[in-house]
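Colleague: I would like to see how this sequence folds:
(chains A and B)
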Amino acid sequence: MIDFKDVSKHYDNHTALRKITISVSKGEMVFITGPSGSGKTTLLKLIYLSEKLDEGHITVSERELENLKDSEIPLLRRNIGVVFQDFKLLNNRNVFENIALALRIRGEDDRELKSRVFDALKIVNLRHKADSYPQALSGGEQQRVAIARAIVTEPPIILADEPTGNVDPDTAAGIIKTFKDINARGSTILIASHNRELFRNTGRRVFKLENGNLAGEELG
Amino acid sequence: MSLPYSFKLAVSSMLHEKWINMLSVLTIAAGLLFTAIIAVTIYNVDMLTKKLPDRFSVMVFLKENLPQEELNNIIAIVKKDNSVENVRYIPKDDALKELKATLKNTEYVLEGLGENPLPDSIEIKLKSDAVSPDTVKQLTTVMKDLKGIDEIEYGEKFLSSIYSLRLGVKTAGFVFAAIMISGMIFVCYSTIKLLFYRKVQEIETYKLLGATKGFIRAPFIIEGAAMGLAGGILSLVGILLLYYSVILKLSLTIPLLKALFFPINLSFILPLTGLFLGILGAHIAIGRIRY
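Modeller: This is a model prediction of the structure:
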């Protein structure tokens, strides 16, 4: 489903990722861990083409990203649900509209849209906050709205960048359970987190990054 | 791309940014109003000068006792010219009759003349589209060399001044209109650019969620179009008010203004021009979207 082969990414004065080779199969749920600045976010950004790779090859859902035309990028992104580290919620729209946006971009009609948004809100346990605006929510609630927006389109791939960064351990456990449930329905999930507690005893593969290098792979 | 949603976003933006939008609409309306005034002026000058060819003729006065053969030769040469519509020979007796008919009640001025002082003449009517100082000059130059012609008269100075006026008004009008139109495109451009910059974060999120360029562009194009259309309609209201409440009232005291026509086509040209300028300005403002 997702294949990295000798992938490198350089910025002006440093290398964010160096010769990374990893493979994630369809329906898998894997974790990427490492300290801040190890390259976790860059790795995810390369998958949804927010950043372009400098060397190597990346294949996502049989699409070779280095050969992807500009017009194909929206189609790639519609197959990927992303939980951004900074959430990227729109403050001038309420929770319902923030989640619905992902469906509107895909041209979903209003009737279908309503039930799907409420289903997603139910999964993250925020149905009662549908009319609230992001500023009125706690960090954890905003994170759950971002998760709801990522899953509402039922994409084949979900990427989550520090999805439990702003929540207490109980909520974090709840979020991981949500991801497991979504994964059980067939979605391939990549979660980047520096929090080792998150994947302990999960039995899932964990890729460890250090200074842009793949330092190892273990089972959580 | 969901068009109803794009309309919703555009309307929401227009209401949210109502002051800047209103200011742009008023600026576009003022620009279009000035352009429309210029257009009406050009239209009227054009209408007046268009009627000129029907009344315009070249009078060729012939030498006395010209043999029929030479007269036929002159007429044949004149008729050959592509710019000539028809040629009429006026014997001097007919010319005197026409003069008497024109003078009617003041016929006494002709008393005591004795012999008919008028010469035989030829009246040349030109084709409507051929009446211009250049073609007339070309024709008269050819005729001047012909045997049997005494004098040619066609109001050279009058014709040249009318055509210079027409050309001057048209050129000045087009230059002014071009400046105003560029200004209006710039107003739409800068307004939409400003709104676009204000929404940069939002647009970034759209892109990351898989929005196409069309989805991103549509609300801005709709907003630009609405702005231009509103400006166009407002300028139409302005020019109608100006025409019916000012020009028509003033024409009671200044009869010359009665001759002014209002080109009815402006009723749809102005809103459509506004619409087009709004879309163009917005299109330039958004520029190329990169993922």
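Colleague: ok but B:Ile152 is inside a strand, no?
Modeller: Yes: read with DSSP: H, G, I helix; E, B strand; the rest coil, B:Ile152 is one of the residues of a strand.
Colleague: and the longest helix anywhere in chain A, what's buried?
Modeller: Longest helix in chain A by number of residues (criterion: DSSP state H): helix A:169-184. Neighbour-count burial for helix A:169-184, counted by 16 or more other Cβ atoms under 10 Å in any protein chain shown, picks out A:Thr171, A:Ala172, A:Gly174, A:Ile175, A:Ile176, A:Thr178, A:Phe179, A:Ile182, A:Asn183. Backbone N, C-alpha and C define where each C-beta goes, glycine included.
Colleague: tell me how far whichever helix or strand comes after it lies from the chain's centre.
Modeller: For helix A:169-184, the following helix or strand on the C-terminal side (DSSP states H and E) is strand A:188-192. Strand A:188-192 sits 6 Å away from the centroid of its parent chain (Cα atoms, centre = their mean, to the nearest Å).
Colleague: what's the angle between strand A:188-192 and helix A:169-184?
Modeller: Relative orientation of strand A:188-192 versus helix A:169-184 (axes from the mean of the first three to the mean of the last three Cα atoms, to 10 degrees): 150 degrees.
Colleague: got a list of what the most centrally placed residue in chain A touches?
Modeller: Centroid-nearest residue in chain A, with Cα atoms, centre = their mean: A:Leu159, separated by 1.9 Å. Shown in contact with A:Leu159 (Cβ atoms under 8 Å, 6 or more residues apart in numbering or on different chains): A:Leu44, A:Ile47, A:Tyr48, A:Ile80, A:Gly81, A:Val82, A:Val83, A:Ala150, A:Ile189, A:Leu190, A:Ile191, A:Ala192.
Colleague: tell me how many other residues surround the fourth one.
Modeller: Neighbouring residues of A:Ile80 were enumerated by other Cβ atoms under 10 Å in any protein chain shown; the total is 25.
Colleague: quick check: it vs B:Ser13, distance?
Modeller: Using Cβ to Cβ, to the nearest Å, one gets 28 Å for the distance from A:Ile80 to B:Ser13.
Colleague: spit out the contact partners of residue 220.
Modeller: Using chain A. The contact partners of A:Gly220, by Cβ under 8 Å, 6+ apart, come to A:Phe31, A:Phe199, A:Arg200, A:Asn201, A:Thr202, A:Gly203, A:Arg204, A:Arg205, A:Val206.
Colleague: my bad, chain B
Modeller: Counted by Cβ under 8 Å, 6+ apart, B:Phe220 has contacts B:Ala10, B:Ile192, B:Leu195, B:Phe196, B:Ala282, B:Ala285, B:Ile286.
Colleague: tabulate these in TSV, adding columns for distance to B:Ala95 and pLDDT.
Modeller: Below are the contacts of B:Phe220 laid out as TSV (distance: Cβ to Cβ, whole Å; pLDDT from 0 to 100):
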residue	distance to B:Ala95	pLDDT
B:Ala10	72	93
B:Ile192	69	92
B:Leu195	74	90
B:Phe196	75	92
B:Ala282	67	94
B:Ala285	69	94
B:Ile286	72	92
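Colleague: now for these: which two are most distant?
Modeller: Largest separation among the contacts of B:Phe220 by Cβ to Cβ: B:Ala10 and B:Ala285, giving 14.0 Å.
Colleague: now the strands for chain A?
Modeller: For chain A, the strands defined by DSSP state E cover A:2-10, A:15-24, A:29-33, A:55-60, A:63-64, A:80-83, A:157-161, A:188-192, A:205-210, A:213-219.
Colleague: counting by contacts, list what the third one packs against.
Modeller: Judged by 3 or more Cβ pairs under 8 Å, 6 or more residues apart in numbering or on different chains; DSSP states H and E, strand A:29-33 is in contact with helix A:40-47, helix A:169-184, strand A:188-192, strand A:205-210.
Colleague: swap the cut-off to 7 Å and go again
Modeller: Judged by 3 or more Cβ pairs under 7 Å, 6 or more residues apart in numbering or on different chains; DSSP states H and E, strand A:29-33 is in contact with helix A:169-184, strand A:188-192, strand A:205-210.
Colleague: can I get the ones you listed in TSV including distance to chain B and mean pLDDT?
Modeller: Shown next, in TSV, are the helices and strands packed on strand A:29-33 (distance: least, Cβ to the nearest Cβ, whole Å; pLDDT from 0 to 100):
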stretch	distance to chain B	mean pLDDT
helix A:169-184	18	86
strand A:188-192	16	96
strand A:205-210	22	94
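Colleague: do you know which of these lies nearest B:Lys213?
Modeller: Of all these, strand A:188-192 comes closest under Cβ to Cβ, at 27.4 Å.
Colleague: between that closest one and strand A:205-210, how many degrees?
Modeller: Angle, strand A:188-192 to strand A:205-210, by the same axes, to 10 degrees: 30 degrees.
Colleague: who's in contact with strand A:188-192?
Modeller: A:1-2, A:24, A:26-32, A:40-41, A:44, A:156-163, A:179, A:182-183 (Cβ atoms under 7 Å, 6 or more residues apart in numbering or on different chains).
Colleague: kindly export the helix or strand of chain A with the lowest mean pLDDT (C-alpha atoms) in PDB.
Modeller: Lowest by mean pLDDT, DSSP states H and E among the helices and strands of chain A is helix A:169-184, with a mean of 86. Provided in PDB are the C-alpha atoms of helix A:169-184 (Å, rounded to 0.1, in the frame of the first residue of the first chain):
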ATOM      1  CA  PRO A 169      -3.700   9.200  28.900                       C
ATOM      2  CA  ASP A 170      -7.300   8.000  29.100                       C
ATOM      3  CA  THR A 171      -8.300  10.100  26.100                       C
ATOM      4  CA  ALA A 172      -5.200   8.900  24.300                       C
ATOM      5  CA  ALA A 173      -6.200   5.300  24.900                       C
ATOM      6  CA  GLY A 174      -9.600   6.100  23.600                       C
ATOM      7  CA  ILE A 175      -8.100   7.600  20.400                       C
ATOM      8  CA  ILE A 176      -5.900   4.600  19.800                       C
ATOM      9  CA  LYS A 177      -8.900   2.400  20.200                       C
ATOM     10  CA  THR A 178     -10.800   4.500  17.600                       C
ATOM     11  CA  PHE A 179      -7.900   4.000  15.200                       C
ATOM     12  CA  LYS A 180      -7.900   0.200  15.900                       C
ATOM     13  CA  ASP A 181     -11.600   0.100  15.100                       C
ATOM     14  CA  ILE A 182     -11.100   2.100  11.900                       C
ATOM     15  CA  ASN A 183      -8.200  -0.200  11.000                       C
ATOM     16  CA  ALA A 184     -10.400  -3.200  11.600                       C
END
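Colleague: other SSEs contacting it?
Modeller: When contacts are defined as 3+ Cβ pairs under 7 Å, 6+ apart, helix A:169-184 sits against strand A:29-33, helix A:139-151, strand A:188-192.
Colleague: let me see the residues that make contact with it.
Modeller: Identification of contacts with helix A:169-184 by Cβ under 7 Å, 6+ apart yields A:29, A:123-124, A:140, A:147, A:151, A:158, A:160, A:163-164, A:167, A:189, A:191, A:198.
Colleague: buried only: go through these for me.
Modeller: A:29, A:123-124, A:140, A:147, A:151, A:158, A:160, A:163-164, A:167, A:189, A:191, A:198.
Colleague: which two of these have the greatest separation?
Modeller: A:Met29 and A:Gly140 (21.2 Å).
Colleague: by neighbour count, which of the contacts of B:Phe220 wins?
Modeller: Using other Cβ under 10 Å as the neighbour test, the contacts of B:Phe220 are led by B:Ala282, with 28 neighbours.
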